[in-house]
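Colleague: output the structure for:
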Amino acid sequence: MNTVVSKDGTHIAYSKQGEGPVIILVDGAMGYQGFGPMVGLAPLLAKEFTVIHYDRRGRGKSGDTQPYSPAREIEDLETIIEAEGGKAAVFGSSSGAVFSAMAASHLGKDRITKLTLHEPSFILDGSHAPVPSNYLDSLRQMLKEGRRGDMVALFMTDAVGMPAEMVEGMKHAPFWTTMEAVAPTLIYEAIYMTPNQKGKPLSSDMRKIFEAIEVPTLIIDGTASYPFLHSTADILAKVIPSAQHKTIEGMTHDFDAASIAPALISFLKTQ
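Modeller: Next up, the predicted model:
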């Protein structure tokens, strides 16, 4: 396990495997080195690249200095890039894809060489119910009351769109306590995600962020995922300069590593 100290003193933990050009994996909601689809992807990419998989602040073995700000998370990523040679490709999934795009826009091509975004989870059309306006406030109140399980359930129902009875059944699964442990970070993601979770066009501020991305970008989605994510991928591919859009047959939002790895490797190896 490797550790860097971010600009605000927060310790950020990461693993490193493989050899070659550096690629950093950025998880979506509740994912970290011990949980989520990135865990299976890292060893497949390590055959071609030096793969960095890190615990975003508040998750796993990383610290959680307050107050939270998306800018501090960008500093975390930049600190890892500096420690691993100064430049890296970045792959982000779901809300982690949105954060990765924000980081690429801010850090520029001097730090990030290529960007791959798997299903950025904005709601930009009417094919998915919008997140309720009180979503972020509800999460904060639940955390204040120590109701981490309810935070996870609220995310699953109000943000992801799962039926309540399905979520109720998940509470008995072994991974539920893992999600409860990182539930506070749902607030962090909601801070930068909720402005574009209303089923309306991309906000002007966020559009400017995507338009400022200078590096080659690949946006990936799957045919078996939510329809609104395909629509979002298509919209963002038109907003980001020089972006490509690839749809993988049969892939879901909770992607299978073996399905996405070939497309990712091919894009990263293209000059």
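
Colleague: and residue 170, how many neighbours?
Modeller: 14 (other CB atoms under 10 Å). In short, each C-beta sits where N, CA and C put it, glycine included.

Colleague: pull the contacting residues for it.
Modeller: Residue 170 makes contact with 156, 176, according to CB atoms under 8 Å, 6 or more residues apart in numbering.

Colleague: any idea how far it is from residue 153?
Modeller: Distance of residue 170 to residue 153, given as CB to CB, to the nearest Å: 8 Å.

Colleague: also residue 264?
Modeller: 32 Å.

Colleague: with residue 265 instead?
Modeller: Taking CB to CB, one finds residue 265 at 36 Å from residue 153.

Colleague: could you do residue 96 as well?
Modeller: Taking CB to CB, one finds residue 96 at 21 Å from residue 153.

Colleague: more neighbours: which of those two?
Modeller: residue 96 (25 against 22).

Colleague: where does that one land on pLDDT?
Modeller: Confidence at residue 96, expressed as pLDDT, is 97.

Colleague: residue contacts, it?
Modeller: Contacts of residue 96 by CB under 8 Å, 6+ apart are 26, 27, 28, 29, 31, 56.

Colleague: check residue 175 too.
Modeller: residue 35.

Colleague: quick one, phi/psi of it?
Modeller: phi -80, psi -10 (degrees, to the nearest 10).

Colleague: please apply the same query to residue 16.
Modeller: phi -140, psi 130.

Colleague: over to the one 10 residues further on?
Modeller: With angles defined as degrees, to the nearest 10, residue 26 shows backbone torsions of phi -120, psi 110.

Colleague: how many neighbours does it have?
Modeller: For residue 26, using other CB under 10 Å, the count is 28.

Colleague: what bridges to it?
Modeller: residue 92 (DSSP bridges).

Colleague: got the domain boundaries for this structure?
Modeller: 2-124+200-269, 135-193 (automatic domain parsing).

Colleague: chain center to the last one, what's the gap?
Modeller: Read that as domain 135-193. Distance, stretch centre to chain centre, for domain 135-193: 16 Å (CA atoms, centre = their mean, to the nearest Å).

Colleague: try the first one
Modeller: On the basis of CA atoms, centre = their mean, domain 2-124+200-269 is displaced by 6 Å from the centre of the chain it belongs to.

Colleague: now do stretch 131-147
Modeller: The answer for stretch 131-147 is 21 Å, by CA atoms, centre = their mean.

Colleague: the chain should start at 57 in everything you say after this.
Modeller: Done: numbering now begins at 57, and the last item shifts to stretch 187-203.

Colleague: what mean pLDDT does that stretch have?
Modeller: Stretch 187-203 comes out at a mean pLDDT of 96.

Colleague: same deal with stretch 297-314?
Modeller: Stretch 297-314 comes out at a mean pLDDT of 93.

Colleague: and stretch 165-184, by the same measure?
Modeller: 92.

Colleague: only alpha carbons, please: show that stretch as PDB.
Modeller: C-alpha atoms of stretch 165-184 as PDB (Å, rounded to 0.1, in the frame of the first residue of the first chain):
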ATOM      1  CA  LYS A 165      -2.900  18.200 -20.500                       C
ATOM      2  CA  ASP A 166       0.200  18.900 -18.400                       C
ATOM      3  CA  ARG A 167      -1.100  16.400 -15.800                       C
ATOM      4  CA  ILE A 168      -3.700  14.200 -17.600                       C
ATOM      5  CA  THR A 169      -2.700  12.600 -20.900                       C
ATOM      6  CA  LYS A 170      -6.000  10.700 -21.700                       C
ATOM      7  CA  LEU A 171      -9.400  10.600 -20.200                       C
ATOM      8  CA  THR A 172     -11.900   7.700 -20.300                       C
ATOM      9  CA  LEU A 173     -15.400   8.200 -18.800                       C
ATOM     10  CA  HIS A 174     -17.700   5.200 -18.200                       C
ATOM     11  CA  GLU A 175     -21.300   6.300 -18.000                       C
ATOM     12  CA  PRO A 176     -21.100   9.800 -16.400                       C
ATOM     13  CA  SER A 177     -24.200   9.600 -14.300                       C
ATOM     14  CA  PHE A 178     -25.900  12.900 -15.000                       C
ATOM     15  CA  ILE A 179     -29.600  13.000 -15.700                       C
ATOM     16  CA  LEU A 180     -29.900  15.200 -18.800                       C
ATOM     17  CA  ASP A 181     -33.200  14.000 -20.300                       C
ATOM     18  CA  GLY A 182     -36.600  12.800 -19.200                       C
ATOM     19  CA  SER A 183     -36.000   9.000 -19.300                       C
ATOM     20  CA  HIS A 184     -35.100   8.800 -15.600                       C
END
